[in-house]
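Enquirer: generate a structure from the sequence data that follows.
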Amino acid sequence: MQSYTEENYLKIIYHLSVISNPVQTNAIAERIQTKAASVTDMLKKLADKALVDYTKYQGVNLTQKGKLAAINIVRRHRLWEVFLVEKLNFKWDEVHDVAEELEHIKSNLLVERLNEFLDFPKVDPHGDPIPDKDGNFESLGFVKINQLKDNESGTIMGVSEHSTAFLKHLEKLGLILGKTIKLIEISAFDSSAELLVDQQYINISKELAKHILIKKLV
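Expert: Numbering: from 1, shown residues only. Have a look, this model is predicted:
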């Protein structure tokens, strides 16, 4: 059984491994905001538990055991986010920190009862897929706004940035889950995107466009 801190490390390594594999010590230190030496000490502990493969100066990979542990943490986190939004009326920008605490409850029975109670959700309130108990993700086929072609339309299904400031900014613009948008064009100058939303034209930055996930309308 992993400690609270060990679980956080496994989850961070898992998320970083999507960007770069093997994951570098400095990248973990930056994410956790701690010293690289402290990260190295933890990686050695995780390696002793066969949760990671760690080689000094070469980075770290999750073992199959470590990857499954990390995915189960992600599963718990995303199920709790659904519960907080759907049952306790939290906003989507309020749930992350609370779910960070709840994800460390290790009762498998509780997690499966929660999943059943929520009617087996496929995505969390930010549109991120929820893995099943075996660690499998369903392919959702979403694309980013900046991957759409001119005049293509779609429904906002999720985001790949979860900061409170980002989510509040989207709400201010009316770019919330379930909203239908049409891409008018991507600017050749700065890659900003002009959208048609609720019969109004709005412009969003490149940074926003690359973090909003869309299900294209056929």
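
Enquirer: quick check: buried residues in the helix ranked longest in the chain?
Expert: The longest helix of the chain (DSSP state H) is helix 64-88. The neighbour-count check on helix 64-88 (16 or more other Cβ atoms under 10 Å) flags 66-85 as buried. From N, CA and C alone the C-beta is placed, and that goes for glycine too.

Enquirer: just so I have it, where are all the strands in this structure?
Expert: 52-55, 59-62, 143-144, 153-159, 180-186, 193-197, 200-204, 212-216 (DSSP state E).

Enquirer: for the ones you listed, which one sits closest to residue 11?
Expert: Of all these, it is strand 59-62 that lies closest to residue 11, at 10.2 Å by Cβ to Cβ.

Enquirer: rounded mean pLDDT for that closest one, please.
Expert: For strand 59-62, the mean per-residue pLDDT is 94.

Enquirer: returning to that earlier point: for the longest helix of the chain, name the packing helices and strands.
Expert: Here helix 64-88 touches helix 4-17, helix 95-102, helix 108-117, going by 3 or more Cβ pairs under 8 Å, 6 or more residues apart in numbering; DSSP states H and E.

Enquirer: separation between the closest residue in space to residue 133 that isn't next to it in sequence and residue 118?
Expert: Take residue 133 and drop its neighbours on the chain: the residue closest to it by Cβ to Cβ, 6 or more residues apart in numbering is residue 112, 6.9 Å away. For residue 112, the distance to residue 118 equals 11 Å [Cβ to Cβ, to the nearest Å].

Enquirer: neighbour count for the two, which is higher?
Expert: Comparing residue 112 with residue 118 by neighbour count (other Cβ atoms under 10 Å), the higher total belongs to residue 118, at 15 against 12.

Enquirer: OK, contacts around the residue lying closest to that one once chain neighbours are set aside?
Expert: Excluding the flanking residues, the one nearest residue 118 by Cβ to Cβ, 6+ apart is residue 82, at 5.3 Å. The neighbourhood of residue 82, defined by Cβ atoms under 8 Å, 6 or more residues apart in numbering, consists of 118, 121, 124, 125, 130.
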